[in-house]
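> Sharing a sequence plus its predicted fold:
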Amino acid sequence: MKLIKKTIPLAIVFTVGVLTLLSYYVPHKVAVDFVETVSKWENIVMAFAFMLGLISLFRTHYGKITRQVPGWGYSIFVFIGFLAMVVPAIVTKGRTMEAGSITALGWSYRHIYNALAGTMFAVLAFYIVSTAYRSFRIKSAQAFVLFVAAFILILGKVPLGQLIWDKVLGWTGYTVSQVIGWIMAVPAVAGKRGIMIGIAIGAVVTSFKIIFGIEKQYLGRD
Amino acid sequence: MTKNKALHLAVLFLFTAGSAFAAKPAAVKKAPAQPAAAITGFAAADMPYDVGGAALLRWPVGHAETPDTVYTVFASTVENGGWVKADEFKAAGNSGKSVDLPFWAWDGSSSEHALKVDLNAAFGELPAGTVVHFKVESSVNGVVTAASEPVSAEPKGNWFRLDRLNNVVLFVVLVGVFFWAVSHAKRKGLFIRRIAGLDAIDEAIGRATEMGKPIYYTTGNQPISYIGTIASTFILGEVSKKVAQYDSMIQVPHYDPVVMTVCKEVVKQSYLEAGRPDSYRDDSNFFVSQDQFSFAASVDGLIAREKPAAVFFMGYFSAEALLLAEVGAANGAIQIAGTDAEGQLPFFFTACDYTLIGEELYAAGAYLSKEPMLLSALKVQDFGKLVVMLAVLFGTVIVMLGAKFHWDTLVNVVVNVFKAY
């Protein structure tokens, strides 16, 4: 049992991990073909897993409707939305335009999907305002630095802010655009690169843990 | 008489010789119709360290070359004729130094031209073993001034990227340190600094248990092949074990069906390890949508209706980061985020109670599990950071001093060693 549950999966992870790693150093067509094949397999697995996802989605929402849990009415829209996109897609064979005119799928895509996605994206603007308000509450020295940097950036992005800067701080000889340029090019980039280096090293070490079988929680424990 | 004859002969010789010498400039005038000079030393070879389908051409810089000289390279897959223009460049913009390879893999000189010719662009994918012929012509203002003899090369795939030798060395050192750290962990414990966001997990789960409300956990929007998602599943394992111990409830909405399948196993295993397999619910992991805003809208709706006591955002997030975190904050949940999407970190900082920055996401699983083998790997992360810090420090000093005192060779070596090829 341990052979099937642990040893073979770990051997597969090690072999595929090492081969994928080697493909970075081996430019030969054999290595390129290997990576392409693995990518194809991944796509095939994805296609089957998507069916699992769909079944999970339907089971969850069907359960909510039958048990009439709070908010079960929203679950009906999952099925309506699914049918509103899938049925026209089958009828029109996946075409959004035909003979210069919009098909039923094109209509659903443009007037249902795009409209809803656009609405969600638009909500982001309101959330940014409320988040900005929260971040502007100065509770520590770090928050003060954040506030000053953000305030200068906001000033520099609006003509009125530029005018205020020129009137109040024009004597410094620096325009607000120059200060913004420096903030974005020096401290912001330095911080970002520090985080990115940490992420890269963390990713490498996590990969080692998986390839060499140190981390095997995803397989379960003995 | 003889004397006069000799004088006549001498005059005749002088005239003949004069005509002969005078003929030379006339021959030069005719040159534009026929290339006057040959490009010598023109050589073709397989382009090293590549997949195949490219050739490397080298030839010395000509003495008569001017900044206006244009080189045109022709390639052919047949023995005679069939020439196709493969590349064209101004002489001034190309030398052996312009090839982007490190000093240990390439010995280019400024007294030569070197050109990588992409044959796939010119001929499509060539069958293995195809011999390709090359010739080069130089021209000034459209007039051909010199041409080479055709040469041949057989492009083929190589087995090692010698230009990535610096990467190999770093890799070997890291692997060595990794195994040293793992073996060291077996002998004695290691000091690991506290991570506030992870220490708050107990508090968040305890609060959820007291309030009788669920805990939400999202793994981001990347597939299981993404390393941040894998790290997130490790954290999910530890979080769901605590949830099982507290007999609380966890809900894991998913963006990716493969991640959902893996997470089901992880959560199930955690409940088993906590000794509460009876409390495990198969529908705690569920698929929502693989569309960014549909996913955000659905999870926002769930959070708004069920008002969870704690929400975890662990993994890679895009624009939906703020959409999710802000709704959680508005509904009064304790929120702990961890992401390697540095662009989304500011949003999590402002909307969440605790945020794991980049590498902490990768360290979290080991930190929570407290297993010596996994904790030891954190030391490798620290070692990697030390290497980077020292490299940045010494690299900056050497390059600055090199620029000041014109240590061009040393600067070139440093730049090559720390460059990714």
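Happy to help now that I have it.

> all strands for chain A, in order.
Applying DSSP state E to chain A gives strands spanning A:97-98, A:101-102.

> Reformat those strands as JSON lines; add mean neighbour count.
The C-beta positions use only the backbone N, C-alpha and C, and glycine is treated the same way. Shown next, in JSON lines, are the strands of chain A (neighbours: other C-beta atoms under 10 Å in any protein chain shown):
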{"stretch": "strand A:97-98", "mean neighbour count": "12"}
{"stretch": "strand A:101-102", "mean neighbour count": "12"}
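
> Make a markdown table from these and add mean pLDDT to it.
Formatted as a markdown table, the strands of chain A follow (pLDDT from 0 to 100):
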| stretch | mean pLDDT |
| --- | --- |
| strand A:97-98 | 91 |
| strand A:101-102 | 92 |
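
> I'd like those written out as TSV, with distance to residue A:143 added.
TSV is the format used below for the strands of chain A (distance: least, C-beta to C-beta, whole Å):
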stretch	distance to residue A:143
strand A:97-98	52
strand A:101-102	51
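
> Compare those strands and give me the one nearest residue A:68.
strand A:101-102 (38.2 Å; C-beta to C-beta).

> Which neighbours in the sheet does that closest one have, and how are they oriented?
Strand A:101-102 has its sheet partners listed here by DSSP bridges as strand A:97-98 (antiparallel).

> thinking again about what came up before, mind checking which of the strands of chain A is nearest residue B:234?
Nearest of those (C-beta to C-beta): strand A:97-98, 46.1 Å.

> Show the contacting residues for the nearest residue in space to residue B:153 that is not next to it in sequence.
Leaving aside its chain neighbours, residue B:153 sits nearest to residue B:44 (3.8 Å; criterion: C-beta to C-beta, 6 or more residues apart in numbering or on different chains). Applying C-beta atoms under 8 Å, 6 or more residues apart in numbering or on different chains to residue B:44 gives the contacts B:55, B:56, B:57, B:132, B:134, B:151, B:152, B:153.

> Which among those count as buried?
B:55, B:56, B:57, B:132, B:134, B:151, B:153 (16 or more other C-beta atoms under 10 Å in any protein chain shown).

> So which of these are in strands?
Mapping the buried ones among the contacts of residue B:44 onto strands (DSSP E) picks out B:55, B:56, B:57, B:132, B:134, B:151, B:153.

> so can I have TSV of those residues showing pLDDT?
TSV is the format used below for these (pLDDT from 0 to 100):
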residue	pLDDT
B:55	95
B:56	95
B:57	95
B:132	95
B:134	95
B:151	95
B:153	95
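
> so what's whatever residue of chain B ends up closest to chain A closest to, chain neighbours aside?
Per C-beta to the nearest C-beta, residue B:257 is where chain B lies closest to chain A, at 2.9 Å. Leaving aside its sequence neighbours, residue B:257 sits nearest to residue A:53 (C-beta to C-beta, 6+ apart; 2.9 Å).

> Would you agree the one you found is in contact with residue B:259?
No. When contacts are counted by C-beta atoms under 8 Å, residue A:53 is not listed as touching residue B:259 (9.6 Å).

> can you give me the helices in the chain?
No chain in the question, so chain A it is. In chain A, the helices defined using DSSP state H lie at A:2, A:8-22, A:29-67, A:72-91, A:104-108, A:114-135, A:141-157, A:159-169, A:176-185, A:187-211.

> Wait, chain B was what I had in mind.
Ranges of helices in chain B, per DSSP H, are B:2-29, B:119-123, B:165-187, B:196-211, B:227-246, B:257-273, B:292-306, B:320-330, B:345-351, B:359-369, B:372-405, B:408-417.

> Is it possible to get CSV of those that adds mean pLDDT and mean neighbour count?
Listed next are those as CSV, based on pLDDT from 0 to 100; neighbours: other C-beta atoms under 10 Å in any protein chain shown:
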stretch, mean pLDDT, mean neighbour count
helix B:2-29, 45, 9
helix B:119-123, 89, 16
helix B:165-187, 87, 15
helix B:196-211, 92, 18
helix B:227-246, 94, 24
helix B:257-273, 92, 22
helix B:292-306, 93, 20
helix B:320-330, 93, 24
helix B:345-351, 89, 23
helix B:359-369, 89, 25
helix B:372-405, 90, 16
helix B:408-417, 92, 15
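
> Please identify which of those is closest to residue B:104.
For these, proximity to residue B:104 was assessed by C-beta to C-beta; helix B:165-187 is nearest, at 6.0 Å.

> any idea of the angle that closest one forms with helix B:408-417?
60 degrees (axes from the mean of the first three to the mean of the last three C-alpha atoms, to 10 degrees).

> could you check the angle helix B:372-405 makes with helix B:165-187?
Using the same axes, to 10 degrees: helix B:165-187 against helix B:372-405 is 140 degrees.
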